[in-house]
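# fold the stuff below for me.
(2 chains)
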Amino acid sequence: MSAFALPADDNTTNDPARRAPLVTGAHDLASITETVSRVVERPAPPPAWYAAISVTSLVALSFFVLVGYLVTTGIGVWGNNSPVFWAFDIVNFVFWIGIGHAGTLISAILFLFRQKWRTSINRAAEAMTLFAVICAGLFPAIHVGRVWVIYWLAPYPNQMSIWPNFRSPLLWDVFAVSTYATVSALFWYLGMIPDLATLRDRARTRLRKTIYGGLALGWRGSARQWHRYERAYLLLAALATPLVLSVHSVVSFDFATSVIPGWHTTIFPPYFVAGAIFSGFAMVVTLMVPARAFFGLRDLVTPRHLENMCKIMLATGCMVGYAYAVEFFVAWYSGSGYERFAFLNRAFGPYAWAYWIMVSCNVVVPQLFWFKKWRTSPWRMVLVSVLINVGMWFERFVIIVSSLSRDYLPSSWGYFTPTWVDLGMLAGSFGLFFTLFLLFCRYLPMVAMAEVKAVLPHEAQRARPAPEHPATQRDIVPA
Amino acid sequence: MPPLAPTSCETTYWRSLDELAGTPEFRAFLEAEFPTECDTAGVSRRRWLQLMGASLALAGLAGCRWKKEEILPFAKRPANRVPGVPNRFATAMDLGGSALGLLVTSYDGRPIKIEGNPAHPQSRGATDVFAQAAILELYDPDRATGLVEHSGQDHPRSWSDFAAFAASHFGALKKDGGARLRVLSQASSSPTLAAMRARLLAEFPKARWVQYEPVSDDAQRAGATLAFGRPLRTQLALERARIIVSLDSDLLACHPAAVQYAREFAARRDPAGDWMSRLYVVESCLSVTGSMADHRLALRPKQIAALAEALEKEIRARLAQGASPAPAVAAGESKAARFLSAMAADLVALNRQGGHSVVVAGPRQPAEVHAVAHRLNRLLKNVGQTVWYTEEPDPDRPPHAEAIRALADEMHAGAVETLVVLGGNPVYDAPADVAFAKALARVPTRIYLGLYPNETARVCTWRLPQAHFLETWGDARSWDGTYSVVQPLIDPLYGGRSAIEVVAMLLGQQVPKGHDLVRETFRSIVKASDWEARWAKTLHDGVLEGSRFAAVAAEAADRPASGEPRGDFMESDWSNGQMDLIFCRDASVYDGRFANNGWLQEMPDPLTKLTWDNAALVSPATAAALGVENGTIVRLTLGGRSVEIPAYVMPGQAPGCVAVSLGYGRTAAGHVGGDPEAGVDPVGADVYPLRTCQAMEFQSGLSVEVTDRKVRLAMTQDHHAIDAIGLAGRAERLGALVREATLEHYREHPDFARHAVHHPPLESLWNEPTYQGYRWGMAIDLSKCIGCGACMVACQAENNVPVVGKERVLQGREMHWVRVDRYFRGDPDDPSVVHQVVACHHCENAPCEQVCPVAATVHSREGLNEMVYNRCVGTRYCANNCPYKVRRFNFFNYHKDLDAPENEVLKMLYNPEVTVRSRGVMEKCTYCVQRIQAAKIEAKNNRRDVRDGEIRTACQQVCPTGAIVFGDLNDPRSAVARAAASDRAYAMLAELNVKPRTSYLARIRNPNLELEGIA
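Numbering: from 1, shown residues only, chains lettered A, B, ... in the order given. This next block holds a predicted model:
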């Protein structure tokens, strides 16, 4: 590391004698409120925001136009065929569900493990989670042939006296994803209440006062409220933690419980969860690095935060790489010719290109994070994170499409080629995701102010008891 | 059109006040819509009722044209008609001058399904693909719908107009005895048409009647003439033949009696039987028969003649040798030489033991080869045992190529004033060198009668709509002479008339009655006083008893082979520019006449698995030498004419030759087969421009020019080129999926099929359901299946399976519920082939059922894996999880076209017992659950159990070889239970513990041990 000079605001040294600060710069309680609220309160967002949202919302709109085309015409507008009955639709679903893992992991698991560095990034990560789950939830809904009867998947009392089939992993998906979406949304919203109250109190217009006031649910910051709040947050964190593991495990059951070689694999649940965390963190980095630069949050989302995420990506990337290797071993060790073929075919068959994109992006590229320079240089890590996301999308593509394209009977082998609608809907889902995230940046507090204040050094907490903004009662409550 | 005389439309029923009043608007409308409607003169009330009743569903057709419609219910139920209960009528379909007896199912007056007639000696309940698809042809909205006279422009005409025209025109022609009148018809086995021809020629003594078929058995006739001095017809009894030698004959699929021969052949392919036959095939391009061969030799077409002569010489030599024959196979010789001597030794050895064989030559081979086959059958004492001869009907008929050439010459010379074309499509399918279209333009009066407004119709001055065989009276004889009456099941949908009726009109009949004409012929054939009773019985049974041709004694003249050999059959070198071009009858569109039939277009070729296209077939080695792959466009040039066509690499083809299918590239077929005027591109490439009168079957001197363009071919298997890994993976698993052995091996290890795959004991975690009562199952005998594809079309007809079109086949979205998988094994240039019929296996432990989130696919108490269409939401998870990949998804609304007014008529085609599936739902084989239910209801009404064989699935019913058996597995005496208990039975992918209800019987080959290892 000696050849590489750290930037001045670097807080990434691991000197046991000195606790690295989680907030850099000369921040006190008030300036933190000011830094975060300013993004929401400035009269007009920067032109870059307008430029970005006009592009992403157009793309998002095209997504809905394509959904309309799909629903009125038929699944045939996609490239799906026999034997590849699932392709981009389910690839995108699993991809987005995976992205949606980082948020809850950061907010729930890291919370339970007392990882205080989570405070600067948990809000944005949770928001991202929610938006990713929205994108994910759309795909299984529209991928069915008759979307107008999709409600039959719900176990509701009906005149047909018929339940859904509880043996189907697809039904488990419905429950897993909807539970996850509900809990994530609740958790996100609950954590935001004190900050919404701050925005309400700082609001200068009636409209803002009304909206943020309504959302703040009458938060006054009393000690009793703080007590209840902390309890509820802890309980929700405990509730959300198993979900982080369960939702992607259940998604992996879609494949693991089938009879198709390349799908029927017991390693899938942990492998999918690791992959989901991997891709989720990659997406957080992809979003937070530009956000902290554009919205002046460099002091709150510090290089240490980013470095920690890089380390998690390195760890989960290695897990994923291990899973890839073990799959091959098990395929060989199983003695099943079909299984062996499925994996050979994956690596060297018609979809070898996708497989090697996956391996390079998910296993080779993250190895750069062994180098501190790559872990601490924000734009480099964005490059790596984007590549990881590409790789993780291809991982799902490889698992789903390459396994289906060549299963048992060679007479029925096929090849999937996406149509323009497939590509358009993939792009469109990104448009929707980014649009939602941009709206979030503009209208909601991107960083959990109250929580960040709690991790400020004590001297900064005491320096100025924030006379202008008495509403942030958290200031006087010890962390 | 002359004004509609109010008296001519005195119908009791009327559809609107306008009609009743006969306003000019209505008449104009009527004329525009139904040019034939006003031709109801002479239609009795009874016939009108028939029309109304028989086509109740046609009211739907009317519904799209008139806003208001009134449907009249039967005031009195017609006899023998229970609403909702189908009736079955016996009839016959003539194709290329030979008929197949059929049994047609009719629902409420509309025919919906064609089966073979079990009483017919050729059919025995089975049919070929063409008969199956004829029902779609009947309802084809592209059929000719009205009479048209073309003079400058098209004028709609009525039959009475035509009668008036015929009376004056043909009356004038009579003056010089019809010297300038020519009639061109297709080959037909109809005795009535022959009688009408005789009457016409009696009336017009100087006229000539010419028959032309692009695909014919003229070589067979010529061969018989060479051998016997007259064109005798060869009849075979394959079930008595221990050795079958086919010299380029696809007798299991492309023979007029193919259905019968396939059945007889399969009967001797059961290793549990007394003996198993052995099939040697020598051919140029891999055929269905070749795919069943125990030993197959690929030779260029000319070399086959050389081989035939060598075979004759060898057999004569061996027969002369006496008791100690020379060793059959000398080591180190070429495959062809060893093949020849082993085959000869085998035949002679059999002959010594007193057994019988068959040597048969194919229609592609010249007369000499047929003569060799006749001589060999005599030498081997097969005549009277496995081979016998009957008189050829119409023995004086010149060969088709000669006939069309002579006719065209006359037309070119301007010697023909009136040409009546009764069916066929000579403008499209006549040999290129006769320039038929040009010749036709020189004929002033050109009258065309046909099902479609095709290439020929479009350049004729009179276009008459022909009645489909399901709409009209007629008669036909099958290959063995069995006489059948063709009876109508529905009034002509488009006002067509049959050829016999039109000839009657030419002879002056105003309103011909096909029924009476056929009865007249019948009477003259039967020559008995009880002919009325026998007529009724023939109508009912579908066959006239004792009408087979009588065997005639004939001895093939011994004509020693000409001194010099006919070339070297062991030569395998070739050069571009001297390649052979072979013309093949197409397995789907025949000679092009079925080009507008979607079922047939989408039926994959049995061996190439090509749909919606033809291709230039070349062997793998030849392809490598030329540098072509599947889909490379090649330019075939022969005699200065060239055609561009995609190449297809066909394993098992002889080197140095290119095979092309006839019947594609139609430019006036219709909305399915191609009609550039209507914006529909032709399907495939037309290769008739390369065909000449001298070389109707094959010709040397072909040069192949490879272009740099490539297209994707729509195949239902190997949709994409397979890479090395895929090939290795396929080779590895093939032995487990398709189990086969030689007869020898099977006798030593009768349970070999059960030991092909080793897996842990298949146990269940749960108490498995026990199936009391019926337990339906299926068994498919791979030793019998010849891969003809009839089951696919039969299933399509029975189960309302949609046609999806070329684009979607390219995408891999074909909808067939049952498919025939074809695998090659061994050397690509000399492979062995196996066909495997795959439909839903109705697994007891079905992977599809477990994963459906809405329980849309569930198990019945009888073990059927049922698909509940209206519960299906279309997640497609079931299809992903099906290891057999038999589930089909409605990616689009494949029935949307039915809403078009012109397609309303197609709705009559659908089987009312089977749901028509909507967009977004999954579908698959149901084991024909509607037939199961019908039989169960019938049995329950009679307070008994369903008997074995009472339920026949559509695929089982049509199968000529009886390879498919269906029934109750719980009944140990049932055919299916016995098959499933056979030592050859195995379940494909049983190791997945899905417990499939369909089992396969391993394929047993019967190779000549002396040739083991080379074939």
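# what are the boundaries of the helices in the stretch 201-350 of chain B?
For the stretch 201-350 of chain B, the helices defined by DSSP state H, counting those that start in this stretch cover B:218-228, B:258-267, B:288-291, B:301-321, B:335-352.
# in CSV: these, plus distance to B:A621 and mean pLDDT.
To be clear about C-beta, it is placed using only N, CA and C from the backbone, and glycine gets the same treatment. Output for these, formatted as CSV (distance: least, CB to CB, whole Å; pLDDT from 0 to 100):
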stretch, distance to B:A621, mean pLDDT
helix B:218-228, 28, 89
helix B:258-267, 30, 93
helix B:288-291, 17, 93
helix B:301-321, 16, 87
helix B:335-352, 14, 87
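# out of these, the one nearest chain A is which?
For chain A, the closest of those is helix B:288-291, at 15.0 Å, according to CB to the nearest CB.
# quick one: least confident helix or strand in the chain?
I'll assume chain A. Least confident helix or strand, chain A: helix A:458-463 with a mean of 60, by mean pLDDT, DSSP states H and E.
# nope, chain B
Ranked by mean pLDDT, DSSP H and E, the weakest helix or strand in chain B is helix B:58-63, scoring a mean of 45.
# check the residue nearest to A:I312 when sequence neighbours are not counted and give its pLDDT.
Closest residue in space to A:I312, ignoring its immediate chain neighbours: A:F281 at 5.2 Å, by CB to CB, 6 or more residues apart in numbering or on different chains. pLDDT, A:F281: 90.
# repeat for the one 3 residues further on
At A:V284, the pLDDT value in this model is 90.
# could you say which helix or strand holds it?
Secondary structure assigned from DSSP states H and E places A:V284 in helix A:268-294.
# could you pick out the residues of the stretch 301-450 of chain A near chain B for me?
Residues of the stretch 301-450 of chain A lying near chain B by CB under 8 Å from any CB of the partner chain: A:337-338, A:341, A:344-345, A:348-350, A:404, A:406-415.
# may I see the PyMOL selection of the buried members of the residues you listed?
To isolate the buried ones among those in PyMOL, judged by 16 or more other CB atoms under 10 Å in any protein chain shown, type:
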select buried, chain A and resi 338+341+344+345+349+350+404+406+407+408+409+410+411+412+413+414+415
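# residues in contact with B:F162?
Contacts for B:F162 (CB atoms under 8 Å, 6 or more residues apart in numbering or on different chains) come out as B:147, B:462, B:464, B:505.
# secondary structure class for B:F522?
Following DSSP: H, G, I helix; E, B strand; the rest coil, the label given to B:F522 is helix.
# which non-adjacent residue is nearest A:N81?
For A:N81, ignoring the flanking residues on the chain, the nearest one in space by CB to CB, 6+ apart is B:G812 at 3.6 Å.
# and the one you found, how many neighbours?
24 (other CB atoms under 10 Å in any protein chain shown).
# confirm B:V104 sits in a helix?
No - B:V104 is assigned strand when assessed by three-state DSSP, not a helix.
# is it in a bridge, and if so with what?
With DSSP bridges as the criterion, B:V104 is bridged to B:F89, B:I114.
# just checking, it touches B:L470?
Yes - under the criterion of CB atoms under 8 Å, B:V104 makes contact with B:L470 at 6.6 Å.
# gap between A:L29 and A:A108?
26 Å (CB to CB, to the nearest Å).
# and for B:W275?
Applying CB to CB, the value for B:W275 to A:A108 is 77 Å.
# out of those two, which sits in the busier spot?
Ranked by neighbour count (other CB under 10 Å), B:W275 and A:A108 place A:A108 first, with 27 against 12.
# measure the more buried one to chain B for me?
28 Å (CB to the nearest CB, to the nearest Å).
# surely that residue is in a strand?
No - A:A108 is assigned helix when assessed by three-state DSSP, not a strand.
# which residues touch it?
Per CB under 8 Å, 6+ apart, neighbours of A:A108: A:187, A:236-238, A:240-241, A:244.
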